[in-house]
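[1] Take a look and give me a structure for this.
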Amino acid sequence: MRVGHWNRRQLLAALGSAATTALVPAAFAAPRDGWFGLDRGTLTGQVALVTGSTDGLGRQVALELAGLGATVLVHGRNRERGEAVLQDIRESGGDAAFYQADFAALAGVRGLAEAVRSDHERLDLLINNAGIWRREGDDTRHLSEDGHELMFAVNYLAGFLLTHALRPLLAASAPSRVINVASGAQTPLDFDDPMLEQAFSPRRAYAQSKLAQITFTMDIAEAFAADGITVNSLHPATLMDTTMVRLAGMAPRATVAEGVEAVMQLAVSPAYAERGGLYLEGTEEARAHPQAYDEAAQAALRALSEALVAAD
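    Okay, here's the model as predicted:
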């Protein structure tokens with residue numbers, strides 16, 4: 001049986017869930033061709049930055065983009081894991097470079113942006129995938145090096161700063177794309193207590209940071225479209241089998257491969273080449289929390305974010 005690209009629903013129908021589980025491991029990679037009608041080499045000459053790509057969803061997306069011919073900029077905190085991803089890509093005939101940066105400090109985000117601008121004349125795709133959650137049993141409110149609630153800083157604020165810092169490079173490479181990997185877990189921001197000093201819980205902090213990503217997407221989509229950049233967000237899959245989910249003590253409910261399919265659709269499908277300001281759940285277009293579409297909330301988040309990144 002030859003599969004053009006990984007489609008779990010088709011395999012389940014053809015083989016049955018038990019057979020599929022036996023034949024397809026959680027880390028299964030889609031074949032390097034066949035993504036939404038694209039062949040190997042289709043992205044040759046293009047440059048893609050995937051943040052948080054030394055493990056889990058980001059790592060697999062980086063491998064798939066490299067398989068289509070893109071030069072992939074792998075990002076993470078751990079150099080050893082980053083070099084392992086580079087080795088896998090290069091052994092498969094792909095091209096990649098590793099950039100080490102800790103998003104718990106805005107200085108690290110700025111350093112990454114400066115390095116990318118210095119090393120590359122184009123950037124065709126930015127996937128803001130880096131994110132953190134809590135470890136099992138840890139209900140502590142942690143702060144970033146800049147004094148911001150840590151999940152808000154890493155999951156959202158780093159992507160806000162990086163996207164704006166790389167906008168000129170994305171515009172110079174238009175048509176280009178930005179994808180914000182968010183979540184179906186969404187809690188509205190309380191702009192009187194955005195760092196959750198009064199009402200912290202790990203779940204609320206995570207869900208707030210993810211809704212901030214989606215709100216940011218809706219806020220910048222029109223302006224970025226004028227530069228030839230589409231900006232979209234998505235919930236890739238629910239509780240994928242990743243290190244982050246396992247460390248949180250949660251039982252995985254989806255494979256990484258399901259999340260990869262959702263991200264790759266926004267990254268390379270011709271259907272999304274000129275469509276921005278969208279939120280998807282998996283591969284289906286959906287509606288996020290109403291706050292994401294509220295212009296007053298968008299403006300408040302923009303003002304807050306600009307003040308936070310200017311103050312570091």
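
[2] Which pLDDT value goes with the nearest residue in space to residue 222 that is not next to it in sequence?
    For residue 222, ignoring the flanking residues on the chain, the nearest one in space by C-beta to C-beta, 6 or more residues apart in numbering is residue 277 at 6.9 Å. (Each C-beta comes from the backbone N, C-alpha and C, glycine too.) What the model reports for residue 277 is a pLDDT of 98.

[3] and residue 277, what are its phi and psi?
    Main-chain dihedrals, residue 277, degrees, to the nearest 10: phi 70, psi 30.

[4] who's in contact with it?
    217-218, 221-222, 225, 231-232 (C-beta atoms under 8 Å, 6 or more residues apart in numbering).

[5] try residue 262
    Contacts here follow C-beta under 8 Å, 6+ apart; on that basis residue 262 touches 234-237, 280, 282-283.

[6] Any regions of the protein where pLDDT drops low?
    1-34, 134-137, 239-253, 312 (pLDDT under 70).

[7] Apply 90 and report the result again.
    1-42, 55-56, 131-139, 237-259, 311-312 (pLDDT under 90).

[8] can you tell me which helix in it is longest?
    In the chain, taking DSSP state H as the definition, the longest helix is helix 202-225.

[9] Quick one: list the elements packing against it.
    helix 150-151, helix 158-172, strand 176-181, strand 229-235, strand 278-281, helix 295-311 (3 or more C-beta pairs under 8 Å, 6 or more residues apart in numbering; DSSP states H and E).

[10] For stretch 112-129, buried residues please.
    By 16 or more other C-beta atoms under 10 Å, the buried positions in stretch 112-129 come out as 112-113, 116, 120, 123-129.

[11] Please apply the same query to stretch 164-181.
    164-167, 169-170, 173-174, 176-181.

[12] How about stretch 93-110?
    94, 96-106, 108-110.

[13] hmm, back to that, where's the residue nearest to residue 222 relative to residue 212, distance?
    16 Å (C-beta to C-beta, to the nearest Å).

[14] For the nearest residue to residue 298 once chain neighbours are set aside, the count of nearby residues, please.
    Spatial nearest neighbour of residue 298, excluding adjacent residues (C-beta to C-beta, 6+ apart): residue 219 at 4.0 Å. Residue 219 is flanked by 22 other residues according to other C-beta atoms under 10 Å.

[15] Quick one: residues contacting residue 219.
    Residue 219 neighbours (C-beta under 8 Å, 6+ apart): 298-299, 301-302.

[16] so which of those comes closest to residue 143?
    Nearest to residue 143 out of the contacts of residue 219 is residue 301 (C-beta to C-beta; 19.6 Å).

[17] Enumerate every residue touching the spatially closest residue to that closest one that is not a sequence neighbour.
    Distance criterion C-beta to C-beta, 6+ apart; nearest residue to residue 301, sequence neighbours excluded, is residue 215 at 5.3 Å. Residue 215 makes contacts with 189, 291-292, 297-298, 301, as judged by C-beta under 8 Å, 6+ apart.

[18] Could you pull out the helices in the chain for me?
    With DSSP H as the criterion, the chain has helices spanning 8-15, 17-23, 56-67, 79-91, 106-119, 150-151, 158-172, 202-225, 243-247, 256-268, 295-311.

[19] nearest to residue 144, of those helices?
    helix 150-151 (5.2 Å).

[20] thinking again about what came up before, apply the buried test to the contacts of residue 277 and list what passes.
    For the contacts of residue 277, a burial check counting by 16+ other C-beta under 10 Å picks out 217-218, 221, 225, 231-232.
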